[in-house]
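A.B. asks: Quick one, structure for this:
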Amino acid sequence: MTGSVQQEISLYDLWQILVKQKKAILYTWLLCIFIGVAYAFLATPIYKAESFLLPPSGKDLQPLNIQVLQSSVRSDRSVLASSYKSDKVYDLFVQDLKSRSNRRVFYEKHHIAKKLGITEGDDIDTFFEKNFNELLTVNRNVKKKEEAGFVSLSFEGEYPSLTAKIVNKFIEDVSTNLATNLVSEVNGKVGGLVRSIHEQIQGKKKVAKARREDRIVALQEALHISQALNEQDQSIKLGSVAVNTDEMPLYLLSPDALKAEIDVLKARKDDAPFIEGLRDLQEQLASLEGIKIEVNNVHPVFIDQKAIVPDEPEKPKKRLIVILSALLGLMLGVMIAFIKSAVVEKRDRKS
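C.D. replies: The predicted structure follows:
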């Protein structure tokens, strides 16, 4: 019972202290609110523009995945088949968004420092780091696999229109550069295949010419032998050889047949119709040389939403600042009231 009475008295005494020091509490509370409101309305507003991105669809990368590359030359199938999947290309794009070199190129190419208000006394590298690189943020949810593809790029600055332009233009530049690199990579592979097939065609033609010349030499030797043999020798020879044109010696053919084949081979101007597999290679070559990929048709990213000009500043949050200022002012006022009361009480005891 005594403890309860003491607690009631203690709480009552505390309340009396707060009542006596109500002016100090009120003035402190009002002062904190005034400082908070002044900061909220006088601080430079910072705007945030944000764009939301998703992986490209198969249609966006279709120009890169050329079917002829996967089937024209067997030896190169493993190099070119399934080389440009959506998730892999998207990862390259996100890496390029984070690349400091890409950011620096964009920063200098579009004179961002001047637009952000750099002065002669500012260090160029420091200004780039604090006023651009740190404020250009890539956000990706890596905790949830199903949301790993959701990426956003944001930029914070004093000028709402400029923040949106920087985000959209940077995405456009990175996308175009990556598409250009991918197209160049495909063109390089196509060019390598074209050179390889050209070499194969030239090699087949050289070998065909050499074989034709060898055939002519063989026929000429057979003609000399055939002419040296009389009819009786030929009949004897022919009787001892199996009747098979593939195994029959050339000299057993009639001199007229040998001369006719020699004349035909010497008069031949093009060995192409007689080269096995040559037309297939020429068909592959024509398909490869007909490949033309437009960079504008390749999209390494799907822009779910472009950055729009923000209407309200991201910082400072005026309402939150005023509420926190009021709470802090009340707490500080109560603290000052107790301190002031304790000082007065101590002074009265000494007197």
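A.B. asks: Helices of the stretch 151-300 of the chain, residue ranges please.
C.D. replies: 160-228, 231-239, 255-267, 278-289 (DSSP state H, counting those that start in this stretch).
A.B. asks: contacts for the third one?
C.D. replies: Counting by Cβ atoms under 8 Å, 6 or more residues apart in numbering, helix 255-267 makes contact with R212, R215, I216, L219, Q220, A222, L223, S226, Q227, L250, all of which sit outside it. C-betas here are computed from N, CA, C, even on glycine.
A.B. asks: Just the CA trace of whatever helix or strand F34 lives in, in PDB.
C.D. replies: Using DSSP states H and E, F34 falls within helix 22-42. As requested, the backbone C-alpha atoms of helix 22-42 are provided in PDB (Å, rounded to 0.1, in the frame of the first residue of the first chain):
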ATOM      1  CA  LYS A  22       5.400  24.100 -19.500                       C
ATOM      2  CA  LYS A  23       6.800  27.300 -21.100                       C
ATOM      3  CA  ALA A  24      10.200  25.800 -21.400                       C
ATOM      4  CA  ILE A  25       8.700  22.600 -23.000                       C
ATOM      5  CA  LEU A  26       6.500  24.700 -25.300                       C
ATOM      6  CA  TYR A  27       9.300  27.000 -26.400                       C
ATOM      7  CA  THR A  28      11.700  24.000 -27.000                       C
ATOM      8  CA  TRP A  29       8.900  22.200 -28.900                       C
ATOM      9  CA  LEU A  30       8.200  25.200 -31.100                       C
ATOM     10  CA  LEU A  31      11.900  25.900 -31.700                       C
ATOM     11  CA  CYS A  32      12.400  22.300 -32.900                       C
ATOM     12  CA  ILE A  33       9.400  22.500 -35.200                       C
ATOM     13  CA  PHE A  34      10.600  25.800 -36.600                       C
ATOM     14  CA  ILE A  35      14.000  24.400 -37.300                       C
ATOM     15  CA  GLY A  36      12.500  21.300 -38.900                       C
ATOM     16  CA  VAL A  37      10.100  23.300 -41.100                       C
ATOM     17  CA  ALA A  38      12.900  25.700 -42.100                       C
ATOM     18  CA  TYR A  39      15.100  22.800 -43.100                       C
ATOM     19  CA  ALA A  40      12.300  21.100 -45.000                       C
ATOM     20  CA  PHE A  41      11.400  24.100 -47.000                       C
ATOM     21  CA  LEU A  42      14.900  25.700 -47.400                       C
END
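A.B. asks: gap between it and the chain center?
C.D. replies: 51 Å (Cα atoms, centre = their mean, to the nearest Å).
A.B. asks: After that helix, which helix or strand is next?
C.D. replies: Next along from helix 22-42, by DSSP H and E: strand 47-54.
A.B. asks: coming back round to it: flag whichever of the helices of the stretch 151-300 of the chain has the least confidence on average.
C.D. replies: Ranked by mean pLDDT, these bottom out at helix 231-239, with a mean of 54.
A.B. asks: Let me know the average pLDDT across stretch 57-65.
C.D. replies: pLDDT averaged over stretch 57-65 gives 86.
A.B. asks: Buried by neighbour count: which residues of that stretch qualify?
C.D. replies: D60, L61, P63, L64, N65 (16 or more other Cβ atoms under 10 Å).
A.B. asks: circling back to that earlier point, please enumerate residues in contact with the helix holding F34?
C.D. replies: Outside helix 22-42, the residues that reach it (Cβ under 8 Å, 6+ apart) are 18, 316, 318, 321-322, 324-326, 328-330, 332-334, 336-337, 340.
A.B. asks: Please pick the buried ones from those residues.
C.D. replies: Here, 16+ other Cβ under 10 Å leaves 18, 316, 318, 321-322, 325-326, 328-330, 333-334, 337 buried among these.
A.B. asks: how about the residues you listed, which pair is most distant?
C.D. replies: L18 and P316 (31.3 Å; Cβ to Cβ).
A.B. asks: closest to V94 among the buried ones among the contacts of helix 22-42?
C.D. replies: P316 (31.0 Å).
A.B. asks: can you tell me which residues contact the closest one?
C.D. replies: P316 neighbours (Cβ under 8 Å, 6+ apart): Y39, A40, A43, P45, I46.
A.B. asks: How about K209?
C.D. replies: Contact analysis of K209 by Cβ under 8 Å, 6+ apart lists D271.
A.B. asks: how close does it sit to E283?
C.D. replies: 22 Å (Cβ to Cβ, to the nearest Å).
A.B. asks: now do K340
C.D. replies: 98 Å.
A.B. asks: Equivalent analysis for Q202, please.
C.D. replies: 16 Å.
A.B. asks: same question, D122
C.D. replies: The value you get for D122 to E283, if Cβ to Cβ is used, is 63 Å.
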